[in-house]
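A.B. asks: Got a predicted model here, sequence first, then my questions.
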Amino acid sequence: MPQSVSRPIASACRRWLILLPCLQPANYSTMRLIRDTQERVRVLALAGEIDLHFAPVFRTLLEQPTKLTSEALVLDLSEVTFIDSSGIAVIIEHLRSATRRSKVFCIGGLSDGVKQVFDIIRLEKAMPVFETKEAALEAFAHGRIKESAEPPFAPAE
């Protein structure tokens, strides 16, 4: 009996796997890693869309250990066309983690679409956000970025 049930399910799954690319919008763009420097200040540049499907990969990219112990992480989202709440949640989780470890974490570069989302949720109140990656690196080099003293979005007591 289990064998007869599993064949129709497997067949249906194969049909859906074939149809899935057709169901995606024509402008669908998966998240891509453009650049990941392994220096004193780690720069992680992404492109495409950061959504529920790519949030686990995004989380792994932010948390992966580097060869050198970086003092700061600059996240370049200038080529990211879309970010949903799961992507924002990953950023906030990493901000909390960086704060606990006394590391600097900031955004250096936002596309217009992502900037609108950041403006709506006012994320710049919780973390440093710069127009470009270069502006973030310059601010870090001149000591204008400091780690937060308390975790962002801490629960009320």
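C.D. replies: All right, it came through fine.
A.B. asks: Low-confidence regions, the chain specifically.
C.D. replies: 1-29, 33-35, 38, 66-68, 146-157 (pLDDT under 70).
A.B. asks: ranges for the helices of it?
C.D. replies: Taking DSSP state H as the test, the helices found in the chain are 2-23, 55-63, 85-100, 112-121, 133-141.
A.B. asks: Do I have it right that V90 meets L52?
C.D. replies: No - if you go by Cβ atoms under 8 Å, V90 and L52 don't touch, sitting 10.6 Å apart. (Glycine included, C-beta is placed from N, CA and C.)
A.B. asks: higher neighbour count, these two?
C.D. replies: V90 (22 against 11; other Cβ atoms under 10 Å).
A.B. asks: residues in contact with that one?
C.D. replies: I50, A55, F58, R59, L62 (Cβ atoms under 8 Å, 6 or more residues apart in numbering).
A.B. asks: Ignoring the adjacent residues along the chain, who's closest to the first one?
C.D. replies: Beyond its immediate neighbours in the sequence, the residue positioned closest to I50 (Cβ to Cβ, 6 or more residues apart in numbering) is G87, lying 3.7 Å away.
A.B. asks: wait, what's in contact with that neighbour?
C.D. replies: I50, D51, F54, A55, F58.
A.B. asks: Distance-wise, check the fourth one relative to M31.
C.D. replies: Applying Cβ to Cβ, to the nearest Å, the value for A55 to M31 is 9 Å.
A.B. asks: do the last one as well
C.D. replies: Here F58 is placed at a distance of 7 Å from M31 (Cβ to Cβ).
A.B. asks: Spit out the residues that contact these two alike.
C.D. replies: L46, I50.
A.B. asks: Number of residues surrounding the nearest residue to A89 once chain neighbours are set aside?
C.D. replies: The spatial neighbour of A89 that comes closest, neighbours along the chain excluded (Cβ to Cβ, 6+ apart), is A55 at 7.2 Å. When counting by other Cβ under 10 Å, one arrives at 20 neighbours for A55.
A.B. asks: How about the one 3 residues further on?
C.D. replies: The number of residues packed near F58 is 23, by other Cβ under 10 Å.
A.B. asks: Make sure it is actually in contact with T30.
C.D. replies: No - in this structure, F58 is not within contact of T30 by Cβ under 8 Å, at 11.4 Å.
A.B. asks: how close does S78 get to A135?
C.D. replies: For S78, the distance to A135 - Cβ to Cβ - is 11 Å.
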